[in-house]
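> just coords:
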């Protein structure tokens with residue numbers, strides 16, 4: 001495991017048992033979603049209002065489907 005991955009794992013392995021409980025894993029997932037969500041809005045928010053309208057959501061969906 002790289003130093004970065006070990007550091008990341010250790011950060012979320014709050015009890016230090018080298019295993020992630022559901023709650024510890026959930027925190028990783030929540031952080032990922034928050035980061036990914038804000039990044040996606042920045043990328044797909046074509047009119048710059050900080051929101052994704054119907055047309056922008058369609059573009060997100062098309063982009064995801066094309067990359068599968």
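That came through, no problem. Just so it is clear, the structure is predicted and the values come from calculations on it, not from any experiment.

> which elements pack onto the biggest helix by length in the chain?
Identified as the longest helix of the chain according to DSSP state H is helix 22-44. Secondary-structure packing of helix 22-44 (3 or more CB pairs under 8 Å, 6 or more residues apart in numbering; DSSP states H and E): helix 3-12, helix 54-66. Heads up, the C-betas are built off the backbone N, CA and C, glycines and all.

> just the angle between it and helix 3-12, please?
Here helix 22-44 runs at an angle of 120 degrees relative to helix 3-12 (axes from the mean of the first three to the mean of the last three CA atoms, to 10 degrees).

> pLDDT below threshold where in the chain?
For the chain, the stretches flagged by pLDDT under 70 are 1, 4, 34, 64, 66-68.

> redo that, cut-off 80
Along the chain, the model assigns pLDDT under 80 to residues 1-8, 28-40, 60-68.

> and the residue of it most remote from its centre, how far is that from residue 31?
What lies farthest from the middle of the chain is residue 17; by CA atoms, centre = their mean that is 24.8 Å. Taking CB to CB, to the nearest Å as the measure, residue 17 falls 20 Å from residue 31.

> ok, back up a step: so which of the helices and strands packed on helix 22-44 is nearest residue 41?
When those are compared by CB to CB, helix 54-66 sits nearest residue 41, at 8.8 Å.

> run through the neighbouring helices and strands of the closest one.
helix 22-44.

> buried stuff in the helix it packs on?
Buried residues in helix 22-44, counted by 16 or more other CB atoms under 10 Å: 24, 44.

> next: stretch 58-66.
Result for stretch 58-66 [16+ other CB under 10 Å]: no buried residues.
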